[in-house]
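> pasted the sequence and its predicted model underneath.
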Amino acid sequence: MLTVSALAASHGAARALRGVTLTVGPGAFTALLGGNGAGKSTLLHCVAGLHRAGGGSVQFRGAELGRLRPHAVVRRGVALVPDWPTGLGALSVAQTLALGALARRGREASMLDRVYTLFPQLAEHRDTPAGALDGDTRQMLAIGRALMTRPRLLLLDEPTRGLSPPAMAQVLEALEALNAAGVAILLAEQAAAAALALCDYAYVMKRGAVVAQGKPADLRGTRALLEAFLG
C-alpha cells in the first residue's frame, strides 16, 4: 500500500531524513518509534505532502505522492493527524468535522456516526467551539477530522502526547478498532510500549535513519530501541 524508498529530506542545511525505506501493507498497523529529532514527523509530512523530499520516492497504491499537494494526497486516501493539532478555532466541533468531509465527498453521515461512536465526547460537545475544548478532546477532534476524509491510510504524529491516562487509553482503543475495520495505520510515537502493544510491525528511527525494524516481540528491550530514545 505505502512504499517509502530511500527517502531523504532536509530542514535548511540540516538533514532530517537519510535514505529511509519502509512499507505499510493494506490493513497493517505499523509503528514508527524514536525520540525527539529522529525524523518521524518529517517522514509523515513527506508522505502527506507537507514537506518536499530531497530524494527517494513515496508511493501509495502504486502512485507517486512526492509531487502532490496535501489536498491531493488526502483525495488519494491518506490522512494525517499532526502533532499539536492546529486550525481548531471558532468553528464548532460539528462544523470542523464537516470540513474534514469536504476533502472526499460521500457517506458523510455514516462516517460522522463512526466518529461520534469512537469519541462520544465530540457528540456531547458538537456545538462547542473547537478552540474551547480541553486538550484531550481537541486531540480526539483532530483524529475525527482526519477520519471524516475516509482514509485508507491514517498517519498519526504522537497522538498520545500530553493526554491524560484515560484519554490516552481511549485514543489507543479507537486506533485498534479502526485498524480492525480495515484502516491501515502508521503511528509515530515516543510511547514505545503502548505502540508495540498495538502494532504488527515497527521501525525504529534515530537521527533521520531507520536503525532497527521487526515485529514487536523482536524489538522489545533491544539495545537499538533503548539507544534510539536514550542517545
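In hand now; what should we look at? Numbering: from 1, shown residues only.
> please count neighbours and contacts with C-alpha atoms only from this point.
Noted.
> all helices of the chain, in order?
In the chain, the helices defined using DSSP state H lie at 40-48, 70-75, 93-102, 108-118, 120-124, 135-147, 165-180, 192-198, 216-219, 223-230.
> I'd like those helices laid out as TSV, including mean neighbour count, mean pLDDT and distance to F29.
What follows is those, written out as TSV (neighbours: other CA atoms under 10 Å; pLDDT from 0 to 100; distance: least, CA to CA, whole Å):
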stretch	mean neighbour count	mean pLDDT	distance to F29
helix 40-48	24	96	15
helix 70-75	18	93	19
helix 93-102	20	87	23
helix 108-118	16	88	18
helix 120-124	16	97	24
helix 135-147	23	95	16
helix 165-180	16	97	7
helix 192-198	17	93	7
helix 216-219	16	92	11
helix 223-230	16	77	18
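> next up, the contacts around the most centrally placed residue in the chain.
To find the centre residue of the chain, average its C-alpha atoms and take the closest one (CA atoms, centre = their mean): that gives L156, at 1.4 Å. Residues in contact with L156 (CA atoms under 8 Å, 6 or more residues apart in numbering) are 44, 80-83, 185-188.
> thinking again about what came up before, and L33, which of the helices of the chain is closest to it?
Distances from L33 to each of the helices of the chain were compared using CA to CA; the minimum, 6.4 Å, belongs to helix 192-198.
> run through who's touching that closest one.
29, 31, 33, 176, 187, 189, 202, 216, 220.
> which one in those residues is the model shakiest on?
The member of the contacts of helix 192-198 with the lowest pLDDT is R220, at 86.
> now that residue: how far from A212?
Here the distance between R220 and A212 works out to 11 Å (CA to CA, to the nearest Å).
> next, count neighbours for the residue lying closest to L175 once chain neighbours are set aside.
The spatially closest residue to L175, leaving aside those adjacent along the chain, is I185, at 8.0 Å (CA to CA, 6 or more residues apart in numbering). Using other CA atoms under 10 Å, the number of residues around I185 comes to 27.
> brilliant, that's me finished.
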